Each structure stands twice: as structure tokens, then as C-alpha cells.
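# what follows is a predicted structure for the sequence shown.
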Amino acid sequence: MKTSEILNQHGIATTELRVAILRLLRRAQSPLSYDDMLKKLKANKTTIYRNMQLFEDRGLVSKTELGGKARYALSSKASAHFVCNVCHGVHAINMPLFLNGDVATSAVIKGICRECAR
Ligand SMILES: [Zn+2]
């Protein structure tokens, strides 16, 4: 599906920046923080913040707090993440499958990453 169609489906008007944000989220392997987005987008933090609020209100993205930072991922993307207690690194992991048929949409597992455990 085209990025602009996804925006329309959620009742969000298409702008160049919104398309750029959504493209970034669609390609992302792990949830993105504002800093991640600022590096890739030609916009200031306030503008990105306002758009993320709108995306969240319309159910397009879900917000999670990982390593003390707000991070965003597409709601349609089931996501499971490992967060290191020491370096706050975030790694995408495969979503566990539940034998009883429950469908998980997000999971955060905390621990110590390989680098920090050395
Ligand atoms: Zn670590």
C-alpha cells in the first residue's frame, strides 16, 4: 500500500513531512526515538512531535518508553524488543508465539546485552 493511502485511511491529510515520517517508520527495524527521526528528517523537533501526537491519536503509531526515551513504531507492526539495562541499547527480537492462540502486539524484555556482559 502507498504511504499516502495509509495516511488517508487514518484520516490524516498528506504532507511531504508526514509521508517522510511514515516511510521512515515502515522501514525501521526497531522503534524510533525523536533523535533518530531528527537525524533523517528535515524538520525541527516540535514539528515532528506534533505529527507524532497526531499519528498516535489516530492509532497509526504506538508509543513505548524504552531506555528512558519515547519511541514510536507503526501500530500494525507487531514488535518485541530487548532493552539493555546498562547501555539502554534497543534490539528487535522475534515476537514469541503463544500456543493458546493469544496474539501479542508488543513486548519489552529487559536484561544485559552481550557487549555490556563482557
Ligand atoms: Zn548494553
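Structure received.
# for the most centrally placed residue in the chain, which non-adjacent residue is closest in space?
With distances taken as C-alpha atoms, centre = their mean, Ala73 lies nearest the centre of the chain, 2.0 Å away. Closest residue to Ala73 apart from its sequence neighbours, by C-beta to C-beta, 6 or more residues apart in numbering: Pro31 at 4.1 Å. Every residue, glycine included, has its C-beta placed from N, CA and C.
# residues contacting the one you found?
Thr64, Leu66, Arg71, Tyr72, Ala73, Ser79, His81, Val90 (C-beta atoms under 8 Å, 6 or more residues apart in numbering).
# those residues of the chain touching the ion, which are they?
Cys84, Val86, Cys87, Gly89, Cys113, Cys116 (C-beta under 5 Å from the ion).
# test my guess that the last one contacts His88.
The one in question is Cys116. No - distance between Cys116 and His88: 10.0 Å, which falls outside the contact criterion (C-beta atoms under 8 Å).
# how about Leu24, secondary structure?
The three-state label for Leu24, taken from DSSP: H, G, I helix; E, B strand; the rest coil, comes out as helix.
# having no further points to raise, I will conclude here.
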